[in-house]
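> What would the 3D arrangement of this be:
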Amino acid sequence: MEEKDINKAPKKNKKLKILMVLLFIVINAAVIAITAFSEFGNSENAAELSEVKINWWLLIPAALCFVIAINTEIEKYRLMIKTMAEPGAFKGHDDRKLARRVVILGRYYDNITPAAIGGQPFQIYYLHKKGGLSTGLSTAVSLFGMISIQIAFIAIALFCFIFSSLAQENAALLITALLGLLFYAFWPFMVFIALFFPKTTTKIITLIVRFLAKIKIVKNRDRAIKKTEENVTEYVRSVKIILKKPGLFFKTIGLSFVFNILVAMIPYFVLTAFGGDVSFFSCFALTIAVMSAVYFIPTPGNSGAAEGTFYMVFSALSTGYVFWAMLFWRLFSYYIYIIMGVITYFIMQLEKRRGKDA
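Okay, the predicted model is just below:
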């Protein structure tokens with residue numbers, strides 16, 4: 001009897017793993033389906049795809065922008081990992097392979113969790129477990145990867161807001177975008193202040209949390225203050241680690257600039273592929289403003305708000321074309337991260353079954 005039970009155990013485990021994989025597929029399919037329906041389900045005026053005239057060759061630059069952007073982000077993380085890793089790290093892993101999975105799966109978890117809260121915990125865990133980095137360095141790489149994106153985006157946004165005609169053409173959007181930029185700038189600003197004025201930082205955090213508690217956004221004031229102070233302290237420590245490495249800070253920021261610029265160029269190429277007639281800079285500035293405006297929407301991938309707000313970018317098209325143009329844009333900006341995440345997950349599972357350390 002005992003021998004039969006022992007033989008049954010591996011089979012049960014195998015069935016459980018298969019069920020977990022199937023559940024994983026269903027959950028991801030549901031996330032994509034629900035998001036797509038919420039964004040595009042009411043598009044009754046969409047033209048038949050067979051009737052839509054598309055300059056397909058103009059979608060090639062859009063695809064290239066995405067490919068180069070994601071590889072730029074991978075190179076940024078590879079550079080941070082390689083520069084900051086202790087001797088003997090990686091446990092036999094290729095640092096680029098490690099960086100690729102950190103970026104793709106980090107983006108994947110960001111896009112399936114509300115307010116993009118899932119990416120960083122995964123990255124820290126994966127860098128520590130699979131990369132062999134200490135918990136402190138894993139945290140530093142993940143957090144500064146995010147901060148560098150924020151710093152670059154803020155600089156690009158301010159340039160666009162100052163030198164574009166948004167103030168004259170769409171003052172309401174500009175105000176909303178500036179509000180979103182304040183949310184975007186919160187952590188980089190707090191880290192900068194905390195680096196040089198730690199006592200001032202504590203006062204600012206206390207004032208902000210007290211205000212949020214008064215308007216009933218924060219329930220437990222003391223716990224929120226403590227948690228925020230801990231986060232700022234962790235961010236500051238991460239930035240200090242980066243600053244100790246000559247040139248790494250500026251290289252990381254530079255690569256983040258390239259990533260943000262390429263991502264913001266995608267709507268222009270999608271728009272022109274569907275026959276839109278707009279200038280490059282006006283479309284680029286409008287895209288940056290919309291990205292800023294939807295930043296604080298706490299839904300996976302900014303779903304719901306992104307579709308409605310990005311209509312401003314694609315409104316140069318006829319009503320029937322807008323649906324398809326926005327669908328292609330969401331493919332490049334959102335759905336593709338989930339698809340890549342699922343593919344990466346399966347590759348890792350296959351490697352585990354073959355006995356490799358994924």
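> Nearest residue to the residue most central in space within the chain in space, please, no chain neighbours.
Of all residues in the chain, the one closest to the mean position by Cα atoms, centre = their mean is residue 107, 4.9 Å from it. Excluding its sequence neighbours, the residue lying closest to residue 107 (Cβ to Cβ, 6 or more residues apart in numbering) is residue 337, at 4.4 Å. (Glycine included, C-beta is placed from N, CA and C.)
> tally of neighbours for that neighbour?
When neighbours are counted by other Cβ atoms under 10 Å, residue 337 registers 24.
> residues contacting it?
Residue 337 makes contact with 104, 107-108, 110-111, according to Cβ atoms under 8 Å, 6 or more residues apart in numbering.
> helices and strands around the helix or strand containing residue 265, which ones?
Using DSSP states H and E, residue 265 sits within helix 248-273. On a contact count with 3 or more Cβ pairs under 8 Å, 6 or more residues apart in numbering; DSSP states H and E, helix 248-273 meets helix 59-84, helix 135-163, helix 221-243, helix 280-293, helix 305-314, helix 319-330.
> Minimum distance to residue 208: which of those has it?
Across the helices and strands packed on helix 248-273, the minimum distance to residue 208, taken as Cβ to Cβ, is reached by helix 221-243, at 8.0 Å.
> tell me the mean pLDDT for that closest one?
Averaging pLDDT along helix 221-243 yields 75.
> about what we covered before: output the contacts of residue 337 in CSV; the columns should cover secondary structure, pLDDT and distance to residue 143.
Formatted as CSV, the contacts of residue 337 follow (DSSP: H, G, I helix; E, B strand; the rest coil; pLDDT from 0 to 100; distance: Cβ to Cβ, whole Å):
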residue, secondary structure, pLDDT, distance to residue 143
104, helix, 92, 18
107, helix, 88, 16
108, helix, 85, 18
110, helix, 80, 14
111, helix, 75, 19
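> Flag the shaky bits of the chain, pLDDT-wise.
Low-confidence segments of the chain (pLDDT under 70): 1-52, 85-94, 114-118, 216-218, 296-321, 355-358.
> Relative to residue 328, how far out is residue 335?
Distance, residue 335 to residue 328, by Cβ to Cβ, to the nearest Å: 10 Å.
> Which one of these two is surrounded by more residues?
Legend: neighbour count by other Cβ under 10 Å for residue 335 and residue 328, higher for residue 328 (21 against 17).
> Identify the residue nearest the more buried one in space, chain neighbours excluded?
Nearest non-adjacent residue to residue 328 (Cβ to Cβ, 6+ apart): residue 270, at 5.2 Å.
> Compute the number of surrounding residues for the one you found.
31.
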